[in-house]
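1. A predicted structure for the sequence below; I have some questions about it.
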Amino acid sequence: MVAIAEPIYTLGGVRLFVSSHAGAVTFVAIDAPLVIPNANGQRLCETAVSTRYGNRDASCHTSNQRLYPSATGVALAAWLAAQGYVHAPAVTQMSTKVMLEIYPHAAMVALFDLPKSLKYKKGTLPQKRQGLESLANHIRRLTAGTPPLHMNEGLEAILSRDIASLPGADLKMHEDRLDAVFCAYLAYYFWYWNMKRNEVFGTAEAGFILNPTLLTGRVEKHAV
């Protein structure tokens, strides 16, 4: 981890952060729908992910134009495309700027071979705290994965933070930071493995979700 932003509440703020940290090769992972062509119903990629991982409590939410007529993710994707970024399904060996839509619950299930998705977004405050501690522990395990998550002082502070007494608003901010770290790792993972250890549900035109291929056993066993 090189940098992590303070809370960003506007699309302009996201654009500025991406522009400020983009390099010659930049992969951006986004936990939000980037392509929503359907007026109603569920995107095919969401249905496909739910079919694959629903029995592990990692089904997708529904996205359509009726529910999200002005989706921020779609606007962000349009801006990224104007900057030269391509959607993950369209990546070639020459691609240096890539955007990928991801769904963290399914990604965690696949990467860590979890029997059920981690529960850290719903429930009582004690239940959320327990789930967030489990998420932090799983993220720490990525230091032994391939590619390895490189630990530094900032990341260590996030993963080891004492959240026992955090109130709801601060706990939500901590949740968002852990999600952001995991999403950033997924971009790194796709840059490293491309389609050797990832799969695409859907298409760039109809909407897609990129997910690590399910690894049987602990992620540390696949460090080659």
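-> Great, that's in hand. Residues are numbered from 1 along each chain as shown.
2. by contact count, what packs against the host helix or strand of C45?
-> Assigned by DSSP states H and E, C45 falls within helix 44-53. Packing partners of helix 44-53 (3 or more CB pairs under 8 Å, 6 or more residues apart in numbering; DSSP states H and E): helix 104-112, strand 198-203, strand 207-212. Every C-beta, even on glycine, is put in place using the N, C-alpha and C of the backbone.
3. ok, how many other residues are close to the closest residue in space to R43 that isn't next to it in sequence?
-> Leaving out its chain neighbours, the residue that sits closest to R43 by CB to CB, 6 or more residues apart in numbering is G207, at 4.2 Å. Counted with other CB atoms under 10 Å, residues neighbouring G207 total 24.
4. hey, what's G207 bridged with?
-> As for beta bridges, G207 partners with T203 under DSSP bridges.
5. am I right that Q127 sits in a strand?
-> No. Looking at Q127 with DSSP: H, G, I helix; E, B strand; the rest coil, it is helix, so not inside a strand.
6. would CSV of the helices and strands packed on helix 44-53 with distance to K221 be doable?
-> Listed next are the helices and strands packed on helix 44-53 as CSV, based on distance: least, CB to CB, whole Å:
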stretch, distance to K221
helix 104-112, 11
strand 198-203, 18
strand 207-212, 14
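7. what about P115, helix or strand, and which?
-> Under the criterion DSSP H and E, no helix or strand holds P115.
8. closest to A169 out of the helices and strands packed on helix 44-53?
-> helix 104-112 (20.8 Å; CB to CB).
9. between that closest one and helix 44-53, how many degrees?
-> With axes from the mean of the first three to the mean of the last three CA atoms, to 10 degrees defining the directions, helix 104-112 sits at 50 degrees from helix 44-53.
10. give me the contact list for helix 104-112.
-> By CB atoms under 8 Å, 6 or more residues apart in numbering, the residues outside helix 104-112 that reach it are 31, 49, 52-53, 56-58, 60, 114, 116-118, 135, 138, 141, 145, 179, 182-183, 186, 189, 209, 211-215, 218-219.
11. just the buried residues from the residues you listed, in ChimeraX please.
-> Burial among the contacts of helix 104-112 is assessed by 16 or more other CB atoms under 10 Å; the matching ChimeraX selection reads:
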select :31,49,52,53,56,58,60,114,117,118,135,138,145,179,182,183,186,189,209,211,212,214,219
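12. so what secondary structure elements neighbour the helix or strand containing L100?
-> Here L100 sits within strand 97-101, counting by DSSP H and E. Identification of packing neighbours for strand 97-101 by 3+ CB pairs under 8 Å, 6+ apart yields strand 26-30, helix 72-82, strand 86-87, helix 168-193, strand 207-212.
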